[in-house]
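J.: quick one: sequence and predicted model below, then my questions.
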Amino acid sequence: MTLHETAASTNQLAAQAAVADSIVVADHQTAGRGRLDRSWDTPAGTALTFSAVVDPGLADHDWPLLPLAVALAVADGVRRAAEVPVELKWPNDLLLRSPDGHEHKVAGILLERVPSAADPSHPLAVIGIGINVGLRSEDLPVQTATSLAIAGSGASRTEVFAGVVPALATVLDALRSGPGAVLERYRTECSTIGREVTVHLPDGEELTGTATGLDRNGRLLVGGRAVGAGDVVHVRPA
Ligand code: BT5
């Protein structure tokens, strides 16, 4: 594990090194990345920001299940370490509900596929995880964000890290032995399923309907269509 006081982005450093079973942690990221070139912003000393490089050992057609598996692991680790009722929004956002019932994002996940430094023909997964641990209301980068501290948890970044890393190893092992158990768990835990949603698809199209389930590849079923990528908005509180 390498710990940087400051890094542009742990995903960037981890992808550059591309060494399996390594973890890059930053006390502060100055150019944290979200999906689709968006940014992930956290003030120094308040968030857990790290990237784990793993060889998932999966067939190509199972790689789309990785973000879902990682989300399960992060939720599990956060629940154990911080004792807060974190919820999953498809595909890989972690939400906490405020007392008025509104959902706010407490953690995000960025998965990238990179060639291994040891054997460029072999792909590795860079699993970037950002968790808002100690941010106070005035630290939040966007109105839709929250933190474990705001939810009343006193868990430290180290405690949350120690909860998430073993959970990640466990879920990756489960996924390697077949998608069934991970899909089943995700279907049970994901608060998007059963809700009315609007999905903003990568091509700009919007799809509104009830999210009825997940297919074998982890795609969200909305109005009879299977959606593999997109940003989901939960239209109404559950
Ligand atoms: C994500 O993207 O949620 C993936 C975030 C991954 C961050 C980790 S930190 C360690 C590793 N190194 C990196 O450089 N990245 C990873 P996305 O679903 O695209 O969400 C991005 C959006 O979330 C932004 O456009 C903002 O609206 C919002 N956002 C930004 N910072 C946030 C924060 N700290 N908490 C909650 N929401 C935030």
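T.: Good, I have the coordinates.
J.: per the record, what domains does the protein have?
T.: 2-189, 196-237 (automatic domain parsing).
J.: wondering if the longest one reaches the ligand at all.
T.: Spelled out, that is domain 2-189. Yes: with Cβ under 6 Å from any ligand atom as the measure, domain 2-189 is seen reaching the ligand through 9-11, 29, 32-36, 38, 40-42, 49-51, 105, 108-110, 128-130, 132, 141-142, 145. All C-beta spots, glycine's among them, are computed from the backbone N, C-alpha and C.
J.: what does the last one give?
T.: No: for domain 196-237, no contact with the ligand is found by Cβ under 6 Å from any ligand atom; the gap never falls below 7.0 Å.
J.: what mean pLDDT does that domain have?
T.: Average pLDDT, domain 196-237: 93.
J.: find the residue closest to the residue in the chain that the ligand sits nearest to in space, skipping its chain neighbours.
T.: Residue nearest to the ligand within the chain: residue 108 (2.1 Å; Cβ to the nearest ligand atom). Using Cβ to Cβ, 6 or more residues apart in numbering and skipping the chain neighbours, the partner closest in space to residue 108 is residue 130 (5.1 Å).
J.: who does the one you found bridge with?
T.: residue 49, residue 108 (DSSP bridges).
J.: in the longest helix seen in the chain, which residues are buried?
T.: With DSSP state H setting the assignment, residue counts place helix 157-176 as the longest helix in the chain. Across helix 157-176, burial judged by 16 or more other Cβ atoms under 10 Å covers 157, 159-161, 163-165, 167-168, 171-172, 174-175.
J.: next helix or strand past that helix?
T.: helix 180-189 (DSSP states H and E).
J.: residues contacting that following helix, please?
T.: Contacts to helix 180-189, defined as Cβ atoms under 8 Å, 6 or more residues apart in numbering, come from residues 65, 68-69, 71-72, 75, 87-88, 171, 174-175, 193, 213-214, 216, 218.
J.: quick one: buried residues of it?
T.: Quick answer for helix 180-189 (16+ other Cβ under 10 Å): 182-183, 185-186, 189.
J.: ditto for stretch 217-224
T.: Neighbour-count burial for stretch 217-224, counted by 16+ other Cβ under 10 Å, picks out 218-222.
J.: okay, now residue 120: neighbour count?
T.: Residues contacting residue 120 under the criterion other Cβ atoms under 10 Å number 10.
J.: how about the helices of this structure, start to end?
T.: 10-17, 66-82, 157-176, 180-189.
J.: rebuild the ones you listed as CSV, extending it with mean pLDDT.
T.: CSV is the format used below for these (pLDDT from 0 to 100):
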stretch, mean pLDDT
helix 10-17, 98
helix 66-82, 98
helix 157-176, 98
helix 180-189, 96
